[in-house]
Each structure stands twice: as structure tokens, then as C-alpha cells.
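Novice: Need coordinates for the following:
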Amino acid sequence: MRALLALVGLIACFLYAEPSLTDEASADAPNLDDDVRTISATANYQLSPTIGMSVGGGELVSHSTNTKEYFAGVAILSSAGGNSFVDLLDASALFDSLPLHGGVNGAKLDVTLPVTYCILDSCPTTLEVSLVWQPDGKPTRDSSSARIDTDSCHFTVIRQSSNATAIVTGFVSDGTSHLASGQTSGTVTEGRERLVGFGDPAVCR
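Specialist: Here you go, the predicted structure:
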């Protein structure tokens, strides 16, 4: 689950790219053409004054590396004071197709996840997630473009993103009772980033 939550965070940082990059660099036959698409939805519940639950699902797709990650996960955390937390339960899975349906205009997640870590007094074997995200306003959209020129790298990166805060309804259940239900807050993010040019961004960015 830690890896899945990190992936959700990574997805939230990606931005949407303009397809015009292909035309801009085609004449120079670039050796770098990286196109990454992302979508994620997260929901947060406060189960008690010191215990919270985070639920997330989404995808990370890179066309250049042919990488496709479709995932969903639940984490229950206890506050240990300050900004530190104790992991009480993780439930997560990777999928062959995107379990999250929709996007910033509305999304839905219906999955059953295996519990992969638990130190609760009573630990379930699976968690059932059935959540709906409804935007509570118009999605915000952002775009940026930058040219990177160093001794070893010359490329353009263009990003766009769409983000929506949302009202989340539904439940997370252990099969016998709801661990969380009703209404809570959440976010949905769609993004794309594209780099076209020459060089290795891992070295020169």
C-alpha cells in the first residue's frame, strides 16, 4: 500500500501535455519522446480523533516505456503525534484494467481488496470499497510549457492538468460492517506530461 499511495502522490504531480509537441520536434528526429497519462481519485475519512483512513485508485500509463499501472488501495493510519503516523492496516491490489471509472466530472470505484498488512485487534482478510466522487464545483485546469537546454539535453516539456475537489459518498466495508460510510471529502486529478527532444531527463532535469 505504501507503494500505491506513493504512486497516487506521483500521479497528482503529473500535468497534461499538448499533442503539438510531436509536430514541433518531428523535423529534428528527437531521441526523447516520453508521454505519460495519469488519473487518480482519493478520499479521506476521520474514523476517530486519532485514526484516519485514506482510499485511492487510479492509473499511471507511460507510452514511451509501455508501462501501465492500474491500482486501488486503502490505508488506516493512527496519529503518533506531530506529522508521524502508525500504519494500522493496508489493503491494496494492482489490476489488469483501470478500476476507477470516470474522471474529474465524476468518478466511481467498486473493488474488493485483499488486506496485505494489519495490526488491529481484529483483522479482516478483504475490504470492499464502493465509492462515488461528485465534483463540488468546476474542475480547475492548469497548463505550462518549458524549454530545457543544457550541455547534454535539449527538450520541451508541456503539461496540463485538471483537478476537482469532490464530495465522496459510499462505504468501505470489512464484509460484516462498514468501517467508513456516508459523506466525506476527496479529490480527482487527471494529467498528462510529454517531453520531446534530445537527452536523458533523469540526468539533466
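
Novice: Mean pLDDT per helix and strand in the chain: which one sits at the bottom?
Specialist: The weakest-scoring helix or strand in the chain, judged by mean pLDDT, DSSP states H and E, is helix 21-25 (a mean of 36).

Novice: Next, the buried residues of the helix or strand that it is followed by.
Specialist: Per DSSP states H and E, the first helix or strand lying C-terminal to helix 21-25 is strand 32-46. For strand 32-46, a neighbour-count test (16 or more other C-beta atoms under 10 Å) marks 32-43, 45 as buried. The way it works is simple: take the backbone N, C-alpha and C, and place the C-beta from them, glycine included.

Novice: Please, where are all the strands along this structure?
Specialist: Ranges of strands in the chain, per DSSP state E, are 32-46, 51-62, 67-79, 85-95, 100-103, 106-118, 126-135, 140-149, 154-173, 178-198.

Novice: Adding mean pLDDT, write these out as JSON lines.
Specialist: Shown next, in JSON lines, are the strands of the chain (pLDDT from 0 to 100):
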{"stretch": "strand 32-46", "mean pLDDT": "88"}
{"stretch": "strand 51-62", "mean pLDDT": "92"}
{"stretch": "strand 67-79", "mean pLDDT": "93"}
{"stretch": "strand 85-95", "mean pLDDT": "94"}
{"stretch": "strand 100-103", "mean pLDDT": "95"}
{"stretch": "strand 106-118", "mean pLDDT": "97"}
{"stretch": "strand 126-135", "mean pLDDT": "97"}
{"stretch": "strand 140-149", "mean pLDDT": "88"}
{"stretch": "strand 154-173", "mean pLDDT": "92"}
{"stretch": "strand 178-198", "mean pLDDT": "91"}
